[in-house]
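Student: Need a 3D model of the sequence below.
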Amino acid sequence: ESILNFINTQGQAESQYQEIISFFKTHKIGEDRNELQSILHLILKISNNHHRNPDFFSKIERLFTNFKEEMKIYFSNYEIFQIFKSNKRLLLFLFKEGIIKPDKQIACFITNYKYQQAYYPHFFLPEFKNLFDEITLKNINETIQTLNQNQQTQVDDKNSFDQKRQIGENDHILYELIRNDSIDQFTSLVTEKNLPLSSTIEPSIFETNSFLINQKPTLIEYAAFFGSLKIFNFLRSKEIELTPSLWNFAIHGENLEILKILVDKKINPQNDSFKDVFIESIKCHHNQIAKLIQINKKELNL
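Tutor: So this is what the prediction gives:
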C-alpha cells in the first residue's frame, strides 16, 4: 500500500518514499534473495498494469535504485532479464543503468517470434545492434521504415528515438492527443484528415503497455484505457458503439466516470463476467474500482 501511495501521489511524495525505504531497511529486503525477488515482482506487476500518471516511471525507477547492487549480487544477468522481460520500459532503464548488460543469450531470446511480434529487437536496437546478425538487422530496419511510413513519423534520429523509448507510448500524434484527452486538437485533426472514428490503433515499436502490445484497439477503447473522458464522450456522441471489451480497457484507465457510463448504459463485460473485471481491477491495483464493483455486486451479479 505504501508503494501505491507513493506512485499515486502527485509530485515527489517524499514522506511516502521515506516510509517505503524505512520498510525496506527494517525488513532487510536487500539482504535476502527471496524477499528481494518478491519485492521486484510486486513492483513489476504494478508497472505492467497500473494506470500511468505523468511521473509514474520516474518513481518506479527511484524504487529500483535502492536495489541496484543487490540485484547484481543475487541474480545473474539473464535471471534479471527473465524477471523483467514482460516490461520493455523497465528493461530499458535496467540496460541504461548497467543492471542488465546486453549479451548473446538475451539477443537470441528477444529475436524469437513472440518478442519480435512485440517489437523487442526494434525497441532495443541501440543496445543489441552489435549482437544481431545481418539478416536480423535488415529485417528490423525494414520494419522500422514501414512503420515510419504508416505512422507518418520518423525514428531515424538517435535523440528522437531515445526520447520516444523513454516515453514508452505509441508515437503517432493522434494517439498522443487521445492520451492527453486533448479534445479540441483531436477533433480538428480527425476532421482535417477525414479519419474514420471507428478506426483502430496502428502498432508502434515504442508501445510499452503490456496490455496494448499485439492488440489493435479501437479509438474509443484506447480512450478508455487512458481514462480520457472528453474524447470517450465525443466518440460516444458520434454513435461509436459501446462494446463489452471496453470494460477491461476502462479498468486500466482508472476513470470511474467511464465505468459508470458502461453501467448506466447496461454494457456488461465479455461473457457477462463481472468476476473477471473485478480480478482485472485487483491485478491493476486499482482499489477504488474494485470497491465500486464490490459495492454494486448485487446489481452486477458478481
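Student: any low-confidence regions in the stretch 151-300 of the chain?
Tutor: Within the stretch 151-300 of the chain, the stretches with pLDDT under 70 are 151-157, 296-300.
Student: 80 instead?
Tutor: Counting by pLDDT under 80, the low-confidence segments of the stretch 151-300 of the chain come to 151-159, 272-273, 294-300.
Student: Helices along that one, start to end?
Tutor: All helices of the stretch 151-300 of the chain, identified by DSSP state H, counting those that start in this stretch, fall at 158-167, 173-179, 183-193, 219-225, 229-237, 246-253, 256-264, 274-283, 287-295, 297-300.
Student: contacting residues for residue 48?
Tutor: 86-87, 210-211 (CB atoms under 8 Å, 6 or more residues apart in numbering). In this view, the C-beta of every residue, glycine as well, is placed from N, C-alpha and C.
Student: Mind putting these into CSV with distance to residue 22 and neighbour count?
Tutor: Listed next are these as CSV, based on distance: CB to CB, whole Å; neighbours: other CB atoms under 10 Å:
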residue, distance to residue 22, neighbour count
86, 29, 15
87, 26, 21
210, 31, 15
211, 33, 18
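Student: Spatially, what comes nearest to residue 90 if we skip its sequence neighbours?
Tutor: Distances taken as CB to CB, 6 or more residues apart in numbering put residue 84 closest to residue 90, at 5.0 Å, once the chain neighbours are dropped.
Student: thinking again about what came up before, can you add distance to residue 142 and mean neighbour count and give the helices of the stretch 151-300 of the chain back as JSON lines?
Tutor: Output for those, formatted as JSON lines (distance: least, CB to CB, whole Å; neighbours: other CB atoms under 10 Å):
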{"stretch": "helix 158-167", "distance to residue 142": "16", "mean neighbour count": "14"}
{"stretch": "helix 173-179", "distance to residue 142": "23", "mean neighbour count": "19"}
{"stretch": "helix 183-193", "distance to residue 142": "26", "mean neighbour count": "14"}
{"stretch": "helix 219-225", "distance to residue 142": "27", "mean neighbour count": "27"}
{"stretch": "helix 229-237", "distance to residue 142": "33", "mean neighbour count": "19"}
{"stretch": "helix 246-253", "distance to residue 142": "31", "mean neighbour count": "26"}
{"stretch": "helix 256-264", "distance to residue 142": "39", "mean neighbour count": "16"}
{"stretch": "helix 274-283", "distance to residue 142": "36", "mean neighbour count": "19"}
{"stretch": "helix 287-295", "distance to residue 142": "42", "mean neighbour count": "16"}
{"stretch": "helix 297-300", "distance to residue 142": "48", "mean neighbour count": "12"}
